[in-house]
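Asker: curious how this folds, go ahead:
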Amino acid sequence: MIVKYINAALSHAHYEIIKDEEPYYGEISQLQGVWATGKSLEECRENLAEVIEGWIIIRIQKGIPIPPVDGITIQCPGRFEPGVRA
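Answerer: Numbers count the residues shown, from 1 in each chain. Alright, predicted model coming up:
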């Protein structure tokens, strides 16, 4: 499920070239704070996938909801969604 979420998120990535040692910049505006750079577009995409993975882990650890992407959701363990009975 996490791999599907990451791939779905990557399909929403926006890339641009910036003036930097790592000129490829990518971000996913749906996921606050998720961005990466790379020396090539492929490296930037790989780095962005790693950032998404870390972002998911931190949100799970802190109990912060993870927004759905293309209908794919990741539930934080121990969290109850409003209106859903255990």
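Asker: can you give me every residue that contacts the closest residue to residue 65 other than its chain neighbours?
Answerer: Leaving out its chain neighbours, the residue that sits closest to residue 65 by Cβ to Cβ, 6 or more residues apart in numbering is residue 76, at 6.9 Å. C-beta coordinates here come from the backbone N, C-alpha and C atoms, glycine included. Contact partners of residue 76, counting by Cβ atoms under 8 Å, 6 or more residues apart in numbering, are 59-60, 63-66.
Asker: what about residue 76, which SS state?
Answerer: Here residue 76 is recorded as coil under DSSP: H, G, I helix; E, B strand; the rest coil.
Asker: what's the distance between it and residue 63?
Answerer: 6 Å (Cβ to Cβ, to the nearest Å).
Asker: over to residue 32?
Answerer: Counting by Cβ to Cβ - residue 32 and residue 63 are separated by 16 Å.
Asker: now do the strands in the protein.
Answerer: 14-17, 24-27, 35-38 (DSSP state E).
Asker: tell me which of those strands sits nearest to residue 71.
Answerer: Relative to residue 71, the nearest member of the strands of the chain by Cβ to Cβ is strand 14-17, separated by 20.5 Å.
Asker: the closest one: how far from the chain's middle?
Answerer: Centroid separation for strand 14-17 versus its chain: 16 Å, with Cα atoms, centre = their mean, to the nearest Å.
Asker: okay, now the sheet partners of that strand, with direction.
Answerer: strand 24-27 (antiparallel) (DSSP bridges).
Asker: tell me the buried residues in the partner strand?
Answerer: For strand 24-27, a neighbour-count test (16 or more other Cβ atoms under 10 Å) marks 24-27 as buried.
Asker: among the residues you listed, which one sits closest to residue 55?
Answerer: residue 27 (11.8 Å).
Asker: which ones are touching the closest one?
Answerer: 13-14, 34-36, 48.
Asker: since that was my last question, I'll sign off now.
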